[in-house]
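this one's sequence-less:
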């Protein structure tokens, strides 16, 4: 069974930073095209960032562009999300997902999901 595990969430003050990490556990599973999504209470899951297997041309939601950076380490088989200048509206459960769909900014493009990690930004 493939499991994606997110880590690095927590409570931070506005303007602070957090680094989330996504790793695979279980059988050998290579993190291919990987996306980060988030879901706040009462809201739909929304796209945050995407990175391809090769690591080229990361893509971001407009709301996080310039503040968040997605990266991958294929030797460690991890995908990280560095979040800076955090705002209270960034508060959500953050999920990593792996899939091969072309519409990278929608959940339907992804086949595997982690359980999520809570990020809370206080004002």
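Noted; the coordinates are in hand. Being a predicted model, the structure only gives us computed values, none of them experimental.

surely residue 5 meets residue 23?
Yes. With contacts counted by CB atoms under 8 Å, residue 5 reaches residue 23, the gap being 5.4 Å. Placement of C-beta: from N, CA and C, glycine included.

For the spatially most central residue of the chain, what is the enclosing helix or strand?
Nearest residue to the geometric centre of the chain (CA atoms, centre = their mean): residue 36, 2.6 Å. Element membership of residue 36 [criterion: DSSP states H and E] is strand 34-39.

elements contacting that strand?
The contact analysis (3 or more CB pairs under 8 Å, 6 or more residues apart in numbering; DSSP states H and E) places strand 34-39 against strand 18-26, strand 46-51, strand 68-73, strand 78-83, strand 92-98.

For the residue nearest to the centre of the chain, name its beta-bridge partners.
In this entry, residue 36 is beta-bridged to residue 49, residue 96, by DSSP bridges.

of all the helices and strands packed on strand 34-39, which lies closest to residue 40?
strand 92-98 (4.2 Å; CB to CB).

ok, back up a step: looking only at neighbour counts, state which of residue 5 and residue 23 leads.
residue 23 (19 against 15; other CB atoms under 10 Å).

tell me the contacts of the closest residue to that one other than its chain neighbours?
Leaving out its chain neighbours, the residue that sits closest to residue 23 by CB to CB, 6 or more residues apart in numbering is residue 78, at 4.9 Å. Residue 78 is in contact with 21, 22, 23, 31, 72, counting by CB atoms under 8 Å, 6 or more residues apart in numbering.
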